[in-house]
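Visitor: when you get a sec, could you give me coordinates for this:
(2 chains)
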Amino acid sequence: MNNISISETEEIKSVSKKIRREILMMIHNAKSGHPGGSLSSVEILNVLFTKCMKHYPEGEKNPQYKFRDRFVLSKGHASAALYAVMAHCGYFSENELMTFRKFGSRLQGHPCSNQLKGIEVSTGSLGQGLSIACGMAIGLKLDKINSKVYVYMGDGEIEEGSVWEAAMNAAHNKLNNIIAFVDRNKLQIDGSTETVKALGDISAKFKAFGWNCAEIDGHNISEIYETILSAQNSDKPFVIIANTIKGKGISFMENNPGWHGKAPNDEQLKQALEELN
Amino acid sequence: MTRECKSVRNAYGRTLVELGKNNKNIVVMDADLSCSTQTQMFAKEYPERFFNAGIAEQDMMTTAAGLACTGKIPFVSTFAMFATGRAWEQIRNTICYSNLNVKIAATHGGITVGEDGASHQALEDIALMRNIPNMIVIVPADEKETEEAAKFAANYYGPVYIRIARTNLPDVYDNSYKFNIEKAIIMQEGNDITIISNGETLVECLDCAKMLKEKGINAEVISIPVVKPIDKDTIINSAKKTKRVITVENHSVIGGLGSAVCEVLSENYPVQVTRIGTNDVFGQSGTAKELMAYYGLNAEKIFEKIIGLLK
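Guide: Have a look, this model is predicted:
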């Protein structure tokens, strides 16, 4: 069955709230970071890491275990969300989250693979993750390893031309072991994506490049789960266009581009945490 | 002077095939120039391990990075202009920042690209690669050194840039030559002046040294195939002996071998250094030979320059 139980859904919802609180506290503590695009990513990263991905944060099968699924955070600025999910999964202690963006921390502003075990590759400069995923997917196929490569992109990010070079690459090399996400929160730093540079029909674009495509509500847990499971059996590379709300969960951050890259002050944090109770 | 000139690109292609035979993790990528770079030899032998990125250098570099993440050893080839220019940020932010095991072997570096003209003549690639942390930069001067550099790259963990000449080159080393990542090579000893070079200009410097000898000037000629990490000791020791250093390279005088030598000497043993290369200009169409002469990179022009300096 591709369904997720009601109790599992409730559990994921509760963990998502915890992750949102941690994201806000991390960014507040660092006095910098990217709350908007981190909050829009929470449900997908949570479902992916806790329910869908084969990965081994600790124990005998270490993070480098060769049969693991791979994850690339192409929109590296959502690092706070990724770190909070990784800590939840046991990659490191949740206490370490408060070192985020601080001098000497493994939790760099954007993910750094040489600092933190479990980060497959350093990211941060947009438009590179999908090509990295293509390379990983080819490498896994060469080794006849049946793992998936998940890559998480922002919607503004796909304005980068290199994303479309990679989209062609994945289709050309029949990389049906890639599952890509586009976090369609409709905002980028300078405003609406449609105002800054219209993205138009993203699904139609990927389909034209030879991909399978699904459009979902990126905050609906069962929809996320079911779509990822069906994508795992795709005959082509699969992209999930996830309609999300930038700043999701915090009234004054939702749909406000001003919260792309700004830390909440003490008072704003207090209000935000109250809203997440 | 007639000498047998050999295709260093063919040497690269053959070496890839040899390396691929012994190591199944070696994979090769190209961006629609496999017939020029000679990665086609590998593609014919191991089609399942050859990936043509098409005309998409950024995608090629980051795909190579992903391949390296799964334990593969990708050799990535295209023209130096597009490898280091178009895809610089992919190389910097994905390959080098993550310290991934990607080998970039770019052909068609320098003015000797010839007839294609300035758009294809990379005069900045060494500068662009040299300033990225974790990157090794190698500029081989002949067939043997090209083979050795590729073999070194395959056995070393981390990003490597190799600049392979378009032109055919005569042997400058004998068969006993062994590539050493830590060592520059003193091609001939001398006390009057130090000439430092690599790549296609090394043979010109050796010819120039013979002409100087006839004038009673004993030049010390040093080959520095490894621009980074550079062998400081050999440079400093030679400067201590001759007190006068000339660098010659098929590259802009800004940021390449000449700059690297100046950095070493100004911090350790300041002597006057003259850099010969292209002087902050774009190239143009012409034969490699014509362009080498026009930009002052052949033996005669280097000789004239040095005689002028010593007056």
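
Visitor: how close does B:Cys202 sit to chain A?
Guide: Not quite, residue B:202 is Leu, not Cys. 35 Å (CB to the nearest CB, to the nearest Å). C-beta: built from backbone N, CA, C; applies to glycine.

Visitor: please name the residues that touch the residue nearest to that residue when sequence neighbours are not counted.
Guide: Leaving aside its sequence neighbours, B:Leu202 sits nearest to B:Ala141 (CB to CB, 6 or more residues apart in numbering or on different chains; 4.0 Å). Counting by CB atoms under 8 Å, 6 or more residues apart in numbering or on different chains, B:Ala141 touches B:Leu169, B:Val172, B:Tyr173, B:Ser197, B:Asn198, B:Gly199, B:Glu200, B:Leu202, B:Val203, B:Ser223, B:Pro225.

Visitor: would TSV of those with secondary structure and neighbour count be doable?
Guide: Listed next are these as TSV, based on DSSP: H, G, I helix; E, B strand; the rest coil; neighbours: other CB atoms under 10 Å in any protein chain shown:
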residue	secondary structure	neighbour count
B:Leu169	strand	24
B:Val172	coil	21
B:Tyr173	coil	20
B:Ser197	strand	31
B:Asn198	coil	30
B:Gly199	helix	32
B:Glu200	helix	27
B:Leu202	helix	30
B:Val203	helix	21
B:Ser223	strand	27
B:Pro225	coil	30
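
Visitor: what about residue 213, which helix or strand?
Guide: Unless you meant another one, I'm taking chain A. Take DSSP states H and E as the rule and A:Cys213 turns out to sit in strand A:212-217.

Visitor: not quite, I wanted chain B
Guide: Under the criterion of DSSP H and E, B:Lys213 resides in helix B:202-214.

Visitor: can you give me the offset of that helix from its chain's centre?
Guide: 20 Å (CA atoms, centre = their mean, to the nearest Å).

Visitor: buried residues in it?
Guide: Buried residues in helix B:202-214, counted by 16 or more other CB atoms under 10 Å in any protein chain shown: B:Leu202, B:Val203, B:Glu204, B:Cys205, B:Leu206, B:Asp207, B:Cys208, B:Ala209, B:Met211, B:Leu212.

Visitor: what packs against it?
Guide: strand B:185-188, strand B:193-197, strand B:219-223, helix B:299-310 (3 or more CB pairs under 8 Å, 6 or more residues apart in numbering or on different chains; DSSP states H and E).

Visitor: run the last query once more with 6 Å
Guide: Counting contacts by 3 or more CB pairs under 6 Å, 6 or more residues apart in numbering or on different chains; DSSP states H and E, helix B:202-214 packs against strand B:219-223, helix B:299-310.

Visitor: which of the ones you listed is buried the deepest?
Guide: strand B:219-223 (a mean of 26; mean count of other CB atoms under 10 Å in any protein chain shown).

Visitor: who touches that one?
Guide: B:184-190, B:193-196, B:198, B:202, B:205-206, B:209, B:212, B:238, B:242 (CB atoms under 6 Å, 6 or more residues apart in numbering or on different chains).

Visitor: which strands border it, and is each parallel or antiparallel?
Guide: Taking DSSP bridges as the criterion, strand B:219-223 forms sheet pairs with strand B:185-188 (antiparallel), strand B:193-197 (parallel).

Visitor: packed most tightly, which of these would that be?
Guide: Greatest burial across these, using mean count of other CB under 10 Å, falls to strand B:193-197, with a mean of 28.

Visitor: quick one: that strand to chain centroid distance?
Guide: 16 Å.

Visitor: likewise stretch B:180-199?
Guide: In this view, stretch B:180-199 has its centroid 15 Å away from the chain centroid, taken as CA atoms, centre = their mean.

Visitor: report pLDDT for residue 230.
Guide: Just so you know, I chose chain A. With respect to pLDDT, A:Ser230 scores 97.

Visitor: think we crossed wires, I meant chain B
Guide: Note on B:Ile230: pLDDT of 98.
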